[in-house]
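Enquirer: fold the following and give me the result.
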Amino acid sequence: TAPSLSATQTLDGVTNLGVDSALVIAFDQAITLKSGHIYIYDDMGTSGWTHTNTKAGNSIQDSYDNDVDITLANGVITSVSIGGVDYTSRFNLSTSVQAVGNNLVIDLKQRTPSTNGAGIFSTAFDWDFGSNYHVNFNAGIVQNSDGTSNYALSDSTTLNFTTVTPVDTTATAVSSLVMDSTGVSTSTSNGYKWLNGNQSNYDGSNSAVSLDLTGGKYAVVIDSNGGTTRTSNLSGFVNLNNFNATDILYNDNHGDMSLSTTDGLSAALQWQSGTTNFGSGYTRVLQGPITQQLINFSSSSVGSGWTFPSTDSFFENATHYNANVVIFG
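Expert: So this is what the prediction gives:
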């Protein structure tokens, strides 16, 4: 018989999927990859999540329809398009789609890897925040050991999920759900609690918003709307209390896939008065005016107002960070 979707799908109906999560789709028998298209449709279209600076009243809406089209030929990815644009060169084509036992695993990995938790990492793609998605695929994308291929999935109701929306307070933040990128399991585990980092402006008119990250693991989202400079009207001014090694700063492209480099981005940072070293344990209070939408942490003794220009190479090869920094999502 043809490989068919398992009656129970962990992915289907998830309402709080982490934007960094893999998608694991279960079939009823062992499969191998073949040929055809896999589609992940961004059903929010051009009416996506509105990121709001709560104190300044500024906001920006995700206006990008990031439908994903992955093409397979004889078990190998030949192209990846997002929103109708070819982004094949960004990804590691050998690992972004895999068949693991009964499971089809979709995890768009960047060509040059970096490691989450090793101090710094970046990602070539993430799912849009606060978006509904559904998954389709052609007949023939997988086959069983007898060489029988799957039937097509072409409806908008069989496989659906919704991604996490960052919130303004730690009290309302709940752990997102993530799926196993190895594909061994279809179960979910707890991911980051996602927080809005653009809640005040560092312009003298508003005070900083304090966020206590005790009991992490938190991801503080900072908006960068494409290109190599901050082009949105959002800025960030937050006190991050108890920012630990399990927490990250997530510099997000807000759906704009034109952000392909960090070159030219810069930030200013300052420590709370009397604290000149972020120190071991990552528990010092950080006061971060995010004037160009990227915060750098350094273990050296610096005062307020220092600005660090950045490049991709600088971030990927940095050794002096005491925190996890996502280049962009």
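Enquirer: mind listing the strands for the stretch 151-300 of the chain?
Expert: 160-163, 175-179, 188-196, 209-212, 218-223, 236-241, 248-252, 266-271, 286-290 (DSSP state E, counting those that start in this stretch).
Enquirer: Throw those strands into TSV and include mean neighbour count, distance to Ile82 and mean pLDDT, thanks.
Expert: For glycine as for every other residue, the C-beta is placed from the backbone atoms N, C-alpha and C. As requested, the strands of the stretch 151-300 of the chain are arranged in TSV below (neighbours: other CB atoms under 10 Å; distance: least, CB to CB, whole Å; pLDDT from 0 to 100):
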stretch	mean neighbour count	distance to Ile82	mean pLDDT
strand 160-163	21	15	98
strand 175-179	21	20	98
strand 188-196	21	21	95
strand 209-212	18	31	81
strand 218-223	27	19	82
strand 236-241	22	26	71
strand 248-252	26	15	76
strand 266-271	19	27	38
strand 286-290	23	26	30
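Enquirer: tell me which of these sits nearest to Asn74.
Expert: strand 175-179 (26.1 Å; CB to CB).
Enquirer: helices and strands around that closest one, which ones?
Expert: strand 14-17, strand 188-196 (3 or more CB pairs under 8 Å, 6 or more residues apart in numbering; DSSP states H and E).
Enquirer: how about Ala30, what does it touch?
Expert: When contacts are counted by CB atoms under 8 Å, 6 or more residues apart in numbering, Ala30 is found next to Gly101, Asn102, Asn144, Ser145.
Enquirer: let's verify the last one: helix, strand, or coil?
Expert: Pointing back at Ser145 there. coil (DSSP: H, G, I helix; E, B strand; the rest coil).
Enquirer: helices along the protein, start to end?
Expert: Here the chain has its helices, by DSSP state H, at 312-316.
Enquirer: any stretches of this structure with poor pLDDT?
Expert: 112-122, 202-204, 224-237, 243-245, 259-329 (pLDDT under 70).
Enquirer: out of the strands of the stretch 151-300 of the chain, flag the one nearest Asn132.
Expert: strand 160-163 (5.1 Å).
Enquirer: what strands line up against the closest one, and which way round?
Expert: Using DSSP bridges, the neighbouring strands of strand 160-163 in the sheet come out as strand 14-17 (parallel), strand 132-137 (antiparallel).
Enquirer: how much space between Thr78 and Asp256?
Expert: 25 Å (CB to CB, to the nearest Å).
Enquirer: more neighbours: these two, which one.
Expert: For Thr78 versus Asp256, neighbours defined as other CB atoms under 10 Å are more numerous around Asp256 (20 against 12).
Enquirer: that one touches Tyr64, doesn't it?
Expert: Yes - at 6.0 Å, Asp256 counts as touching Tyr64 under the criterion of CB atoms under 8 Å.
Enquirer: sorry, back to before: could the strands paired with strand 160-163 go into a markdown table alongside distance to Ser89 and mean neighbour count?
Expert: Formatted as a markdown table, the strands paired with strand 160-163 follow (distance: least, CB to CB, whole Å; neighbours: other CB atoms under 10 Å):
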| stretch | distance to Ser89 | mean neighbour count |
| --- | --- | --- |
| strand 14-17 | 26 | 18 |
| strand 132-137 | 23 | 20 |
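Enquirer: let's have those strands in JSON lines, adding distance to Thr71.
Expert: Output for the strands paired with strand 160-163, formatted as JSON lines (distance: least, CB to CB, whole Å):
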{"stretch": "strand 14-17", "distance to Thr71": "24"}
{"stretch": "strand 132-137", "distance to Thr71": "11"}
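Enquirer: so which of those strands gets nearest Thr188?
Expert: So among those, strand 14-17 is nearest, using CB to CB, at 7.0 Å.
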